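1. how would this look folded up:
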Amino acid sequence: MDLHFDCTQCGRCCHDLRLTLSVEEARAWAGRGHQVDLLTEGWPWPDDDEPENPFDDAVLQWRKATSFPVLVGDVPFRINLRLVARHDGPCPHLMPDMRCGNYAARPRICRIYPLESRPFEQVLPARRKCPPEAWGDDLQLLERNGQPAAVEAKAVLAAHRQAMIDDVPLKAGLVSALGFTETALAGEGLAVCKIAPPDLLTALEEAECSLWDAPQHWTIVTNRQSTAQTLCDLDCPVRLVPAGPAFLQAFADET
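-> Below you'll find the predicted structure:
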């Protein structure tokens, strides 16, 4: 299947977004005084060291490669941590003519847009901020059979995905340096840790120097009473919270 696209320079993709960054990109972003949040989600994860394990699926292999192991109560989990550049309204680098003022040093996630950064996810135009006229069979070839058509885009996408794997140990040390031990259940939302840019830079430095492991005992945050009750029944630490800046919800609040 072919997907065709051409940027209209509308600037929509540079407004009100959370951009997934590598550790080095997050360091550069925070170093300019811009906000970087930590977002976490977790999956219950049985022991996959057994001779017969269920993790031959490529999607699950990706989840494992981009997460670190913890405990929620006595239940093994794996935590995926994202470092995201957050900007409400226009990106701080967006110029009045909708051009990027940081074009040469922009993050990889910006370079590959509107491609899908996660493997096994299909690019769906309806889920992109680009206007309808950016898509059409008479435009440039963006993707063929789920793969980027341009050699450069393919290389940048591969580098972005590899960074998501390579950064896991440092991310585990980062949450330890920050003392952050809350996560949402995958599929229900994302727990958010907001930290001032200078404090993030300091914590990254500490994590690099100390090579800390991730803290082992975590708490689930959820805005769904039914989820909280199920976790309580399993003796898992849980905190019921409303949707808001500290919890990006997938579902409406449930009380």
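2. With adjacent residues omitted, what lies nearest to the residue most central in space within the chain?
-> By Cα atoms, centre = their mean, the mean C-alpha position of the chain lies nearest to residue 82, the distance being 3.8 Å. Counting by Cβ to Cβ, 6 or more residues apart in numbering, residue 82 lies nearest to residue 39, which is 4.5 Å off, once chain neighbours are set aside. C-betas here are computed from N, CA, C, even on glycine.
3. Surely the one you found touches residue 84?
-> Yes: with contacts counted by Cβ atoms under 8 Å, residue 39 reaches residue 84, the gap being 5.7 Å.
4. ok, back up a step: kindly confirm my reading that the residue nearest to residue 82 is in a helix.
-> No: Residue 39: not assigned to a helix; according to DSSP: H, G, I helix; E, B strand; the rest coil it is strand.
5. quick one: low-confidence ranges for the stretch 151-255 of the chain?
-> Residues of the stretch 151-255 of the chain that meet the criterion pLDDT under 70 lie in 211.
6. ok, back up a step: quick one: residues contacting the residue nearest to the centre of the chain.
-> 20, 38, 39, 40, 190 (Cβ atoms under 8 Å, 6 or more residues apart in numbering).
7. From the contact counts, what lies against the helix or strand containing the last one?
-> The secondary structure element spanning residue 190 is strand 189-195 (assigned by DSSP states H and E). Contact analysis of strand 189-195 by 3 or more Cβ pairs under 8 Å, 6 or more residues apart in numbering; DSSP states H and E lists strand 36-44, helix 168-178, strand 182-185, strand 247-249 as its packing neighbours.
8. Now for the residue nearest to residue 82: which residues touch it?
-> Going by Cβ under 8 Å, 6+ apart, the list of residues near residue 39 reads 18, 81, 82, 84, 190, 191, 192, 193, 248.
9. got a winner among the residues you listed for most neighbours?
-> residue 191 (28 neighbours; other Cβ atoms under 10 Å).
10. Show me whatever sits in contact with both of residue 39 and residue 84.
-> residue 18.
11. Give me the contacts around the lengthiest helix in the chain.
-> When the chain is scanned for its longest helix (criterion: DSSP state H), the result is helix 151-166. For helix 151-166, the external contacting residues (Cβ under 8 Å, 6+ apart) are 20, 22-24, 65-66, 108-109, 111-112, 115, 117, 119, 147-148.
12. go again using 10 Å as the cut-off
-> Residues outside helix 151-166 that contact it (Cβ atoms under 10 Å, 6 or more residues apart in numbering): 20-25, 62, 64-67, 80-82, 107-113, 115-119, 142-143, 147-148, 150, 171.
13. same question, stretch 193-202
-> Against stretch 193-202 from outside (Cβ under 10 Å, 6+ apart): 26-27, 29-40, 81, 83, 86, 174-175, 177-182, 203, 245-246.
14. quick revisit: nearest to residue 133 among the contacts of residue 39?
-> Comparing the contacts of residue 39 against residue 133 with Cβ to Cβ places residue 18 closest, at 25.6 Å.
15. And the helices in the chain?
-> 23-31, 58-65, 108-112, 151-166, 168-178, 197-210, 225-233.
16. Which neighbouring elements make contact with the fifth one?
-> Think helix 168-178. helix 23-31, strand 36-44, strand 68-72, strand 75-90, strand 189-195, helix 197-210 (3 or more Cβ pairs under 10 Å, 6 or more residues apart in numbering; DSSP states H and E).
17. again, only this time at 6 Å
-> If contacts are counted by 3 or more Cβ pairs under 6 Å, 6 or more residues apart in numbering; DSSP states H and E, helix 168-178 sits against helix 197-210.
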